[in-house]
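[1] Return a 3D structure for these sequence lines:
(chains A and B)
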Amino acid sequence: MTGPQLDGLCVRDLRVTFDGFTAVDGVDLDVPPGDIRFLIGPNGAGKTTLVDAVTGLVRATGSARFGDRELLGRDVHRIARLGIGRTFQTASVFEELTVVQNLDIAAGATRSWWTLARRRHRVPDEVAAALETIGLADRGDQLAGALAHGQKQWLEIGMLLVSDARLLLLDEPVAGMSHEERDATGALLETVSRDRTVVVIEHDMDFLRRFARSVTVLHAGKVLSEGTVAQVQADPRVQEVYLGVDTASEA
Amino acid sequence: MTVLFGQLFTGVSIGAVLLLIALGLALTFGQMNVINMAHGEFIMAGAYTTYVLQQTVTTAGWSLLVALPVAFAVAGAMGVLLEVLLIRRLYARPLDTLLVTWGVSLMLQQLARDVFGSPNVQTRAPALLTGNIALPGGLTVANNRLFILALALAAVLALTLALRLTPLGRRIRAVVQNRDLAAVSGIPTARVDRTTFFIGSGLAGVAGVALTLLGPIGPTMGTNLIIDAFLVVVVGGIGQLKGSVIVAFALGVLQATGEYLTTLSVAKVIVFVAIVAFLQWRPQGLFTLRTRSLA
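    So this is what the prediction gives:
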């Protein structure tokens, strides 16, 4: 599972406009290889749109490079195949497929009829490994729609792992999770960041303080502040935007 | 009893044709949310393909056999062309798509008039399919209707197996369930869309071949069927084949039985009233797939 190389994300002057409204307004972002970067900011700051742009789901101008490859202008599935994986705000799994089938799709397994027919005996190695990593080893044959909310979000991360994603863009991975589930998710992030670069959009400040290696604050489509957790927290502009309010329970 | 059985069997075979048409609609509607009004003209294309082939391959039996794959390919190619040239550009604009494909439908009808003339044309059925099979108890089934039933069931079976077991089928199901997630998982959704359109339109072409066994071929033959096919899809539940299968046969039988007991028009009224009542009870259709969409 160890990726051949660790790459970073380099975004330059990224702009996204919807019908005259500028959602992302000239963002520069450097995420070094192996980082766990948290993107925070008030609602409407452009965090999700930034991720949408990097993954090709919305059109953007500027540049977004992963390693030495330009991402903008490519088809969504091509970007995905370059090793960019993402999750969505609402836990998005193929609800009518089983956990293993979800992972299989993400792994692009071609011998699917065989896997489907013999799934108990012939789970591909990388799928089995991912099942173990995300803690769903005993739920492989369950329909993904029947999983608990937190488990679905782990399954999403598992789908990124088997797809050999080397850049993980996670949109609110701990939203709606219990404390124990948050801890498990944080540990999972630390595990996967050993050979991957991770970007997390999150509102949960407690989670951020514990697991972020670096933080970028977005506000009104622009980068407001960047640095370590302590640096960002000490930044008066950030305090102003958040009005000194700890938004831990906002999400 | 004999007459009623005859009517029931006629209903089942009408249902089989509807099913062939509705399968394609259910696929494209379920996957792309595209209401393709030109689907009926792909039926017509399939029927005229049979007609043209009979001019060149003169043995009726052989021409039908050749017509099945050729009509599938012709109608499928037309579907792909429509998808690439128009529908793809109107993505997420369902009302515009409806109007544009309706326009295409009218143009294709006119094209058929210009090429083949307004009057209906007739194809010859193979000798094997013109007779009847006698069942015990004095009941008979027409060979051609039996053939159509077998054809529809084979198509359903093939499609179901393809969707369940092949990698392509799983990709199609993944795109139906969650398009964005499928795309970011590395599935080329545009290509999957084109393939789905090819298969769906091709099935309409096969339905057209089947219809040449039941009656004459005309430029407007598709229009008469497309409404019924849409009803099958809506009542059956979007994005599901199971519902379409049940509803297609139910609709065919209801229609035929209604015709037998009353008249053609009253039978139509009965069918529509039944559908309205059903949709009051289950607006989402018999089966539904979409549990939630991405915000």
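[2] And the average pLDDT for stretch A:82-98 is what?
    The pLDDT scores in stretch A:82-98 average 86.
[3] do the same with stretch B:38-58
    If you average the per-residue pLDDT over stretch B:38-58, you get 90.
[4] can you check stretch B:11-28 too?
    Confidence over stretch B:11-28 (mean pLDDT, whole number) is 88.
[5] Centre of the chain to that stretch, how far?
    Taking Cα atoms, centre = their mean, to the nearest Å, one finds the center of stretch B:11-28 at 4 Å from the center of the full chain.
[6] can you tell me if it touches chain A.
    No. Where contact is defined by Cβ under 8 Å from any Cβ of the partner chain, no part of stretch B:11-28 touches chain A; the two come within 15.6 Å at best. Bear in mind the C-beta positions are built from the backbone N, C-alpha and C, glycine included.
[7] Buried ones in that stretch, by neighbour count?
    By neighbour count on 16 or more other Cβ atoms under 10 Å in any protein chain shown, the buried set for stretch B:11-28 is B:11-28.
[8] How about stretch A:70-80?
    For stretch A:70-80, burial by neighbour count (16+ other Cβ under 10 Å) applies to A:L71, A:L72, A:R74, A:V76, A:H77, A:I79, A:A80.
[9] any low-confidence regions in the stretch 151-251 of chain A?
    Per-residue confidence of the stretch 151-251 of chain A (counting by pLDDT under 70) places the weak regions at A:243-251.
[10] what about 50?
    A:248-251 (pLDDT under 50).
[11] Next to chain B, which bits of it? Give me the list.
    That would be A:M159, A:S163, which are the residues of the stretch 151-251 of chain A within reach of chain B (Cβ under 8 Å from any Cβ).
[12] quick one, helices of the stretch 151-251 of chain A?
    With DSSP state H, counting those that start in this stretch applied, the stretch 151-251 of chain A shows helices at A:179-192, A:205-211, A:229-234, A:236-242, listed in chain order.
[13] Only the C-alpha atoms, please, for the first one, written as CSV.
    Yep, that's helix A:179-192 we're talking about. Included here for helix A:179-192 are C-alpha records, laid out as CSV according to Å, rounded to 0.1, in the frame of the first residue of the first chain:
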residue,chain,number,x,y,z
HIS,A,179,-16.1,11.4,20.9
GLU,A,180,-14.8,7.8,20.6
GLU,A,181,-15.5,7.9,16.9
ARG,A,182,-13.6,11.2,16.6
ASP,A,183,-10.6,9.8,18.4
ALA,A,184,-10.6,6.7,16.1
THR,A,185,-10.9,9.0,13.0
GLY,A,186,-8.0,11.1,14.2
ALA,A,187,-5.9,8.0,14.7
LEU,A,188,-6.9,6.8,11.2
LEU,A,189,-5.8,10.2,9.8
GLU,A,190,-2.4,9.9,11.5
THR,A,191,-2.0,6.4,10.1
VAL,A,192,-2.9,7.3,6.5
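[14] quick one: contacts of it?
    Contacts made with helix A:179-192 from outside it, assessed by Cβ atoms under 8 Å, 6 or more residues apart in numbering or on different chains, are listed as A:36, A:133-135, A:150, A:153-154, A:157, A:161, A:168, A:170, A:173-174, A:177, A:198, A:200, A:204, A:207, A:210-211.
[15] Tell me the span between the first and last residue of stretch B:31-41.
    Here the two ends of stretch B:31-41 are set 20 Å apart, with distance taken as Cα to Cα, to the nearest Å.
[16] for the residue nearest to A:R213 when sequence neighbours are not counted, what are its contacts?
    For A:R213, the nearest residue in space outside its immediate sequence neighbours is A:I36; the separation is 4.5 Å by Cβ to Cβ, 6 or more residues apart in numbering or on different chains. A:I36 makes contacts with A:L189, A:E190, A:S193, A:V198, A:V200, A:F211, A:A212, A:R213, A:S214, as judged by Cβ under 8 Å, 6+ apart.
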